[in-house]
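Asker: predicted model follows, preceded by the sequence.
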Amino acid sequence: RLSCESYWRSELRQLRKCIDSYDPLAAPLVPTTKGVSEWEALQLATDPNAEITSLPRNISAPPCQVDAADSSARSPDQQRCVRHSCLAQLHENAIVRSIYADQIVRWLRYFRPNQLLVVQSEAMHANTTAVMQEVAAFLQLRDFNAEELSRFAHSRQGSSHHLNPISQTCDRETMRAFFAPHNKLLQDVLRTRWPKVASRWLPWPAV
């Protein structure tokens, strides 16, 4: 029987399998900022003294230097390297798609921060007009007119996952604990690269 809990466990098993069986000799090369590992790219993105510029796409992340035979012997930094390397590989995994910091940093492979506009969906639906006009200005388009804004406000109501009865079977506390460090990384990236966005970030609703 499908439930949130069974789906969560299935997706988590896929992530843990990648982490536990990680082999630097077999790990696929993933393009990343400055040709460093995914974890190092995240550290760069949260360092206000580090300059991030777009680089050619053929620069790939080196594999994490770990002992493939014994995952329990990895240092904390090696564990983070492997974890974020797996997050870069499992694009179709639902849990991975819910981790935004890594996704944003990957955009920095190709674009500078001032070429990207980060929009929080909660803010967009709380104040559709202001946020959509900001998007238009960023893209150097004309302002949206009243009819266009009205259509958008009525057609885009955000995620309805929480309305699905299956969502009531979720272990919320387990999920909060899992995503907490990733959400902190997202906040750190925003504060460093998009401080204006971070300053007006709306609290995530308790679910």
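Answerer: Right, received. Where do you want to start? From a predicted model like this one, the values you see are computed outputs, not experimental measurements.

Asker: which residues does the spatially most central residue of the chain contact?
Answerer: The chain has Y100 as the residue nearest its centroid, 1.4 Å off, counting by Cα atoms, centre = their mean. Going by Cβ atoms under 8 Å, 6 or more residues apart in numbering, Y100 touches H182, L186. C-beta: built from backbone N, CA, C; applies to glycine.

Asker: now it: phi and psi?
Answerer: phi -90, psi -30 (degrees, to the nearest 10).

Asker: could you measure from it over to P165?
Answerer: Y100 sits 26 Å away from P165, going by Cβ to Cβ, to the nearest Å.

Asker: where does this protein dip in pLDDT?
Answerer: Applying pLDDT under 70 to the chain picks out residues 1-2, 29-35, 53-62, 68-69, 155-164, 205-207.

Asker: beyond the lengthiest helix in it, next helix or strand please.
Answerer: For the chain, the helix with the greatest residue count under DSSP state H is helix 172-193. Reading on from helix 172-193 to the C-terminus, the next helix or strand found by DSSP states H and E is helix 195-199.

Asker: CA-only coordinates of stretch 10-28 in CSV, if you can.
Answerer: Extracted in CSV, the C-alpha atoms of stretch 10-28 (Å, rounded to 0.1, in the frame of the first residue of the first chain):
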residue,chain,number,x,y,z
SER,A,10,12.1,4.0,-0.9
GLU,A,11,13.6,7.3,-2.0
LEU,A,12,15.9,7.4,1.1
ARG,A,13,17.2,3.9,0.4
GLN,A,14,18.3,5.0,-3.1
LEU,A,15,20.2,7.9,-1.6
ARG,A,16,21.8,5.8,1.1
LYS,A,17,22.8,3.1,-1.4
CYS,A,18,24.6,5.7,-3.4
ILE,A,19,26.4,7.1,-0.3
ASP,A,20,27.3,3.7,1.2
SER,A,21,28.5,2.2,-2.0
TYR,A,22,30.3,5.3,-3.3
ASP,A,23,33.5,4.3,-5.2
PRO,A,24,35.7,7.2,-6.3
LEU,A,25,37.0,5.1,-9.2
ALA,A,26,33.5,4.5,-10.6
ALA,A,27,31.8,7.8,-9.6
PRO,A,28,30.5,9.8,-12.7
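
Asker: chain center to that stretch, what's the gap?
Answerer: Put simply, stretch 10-28 sits 18 Å off its chain's centre (Cα atoms, centre = their mean, to the nearest Å).

Asker: what's the answer for stretch 184-202, then?
Answerer: Centroid separation for stretch 184-202 versus its chain: 13 Å, with Cα atoms, centre = their mean.

Asker: how about the helices in the protein?
Answerer: Using DSSP H, the helices of the chain run over 4-20, 38-45, 76-89, 94-97, 100-107, 121-126, 128-138, 146-155, 172-193, 195-199.
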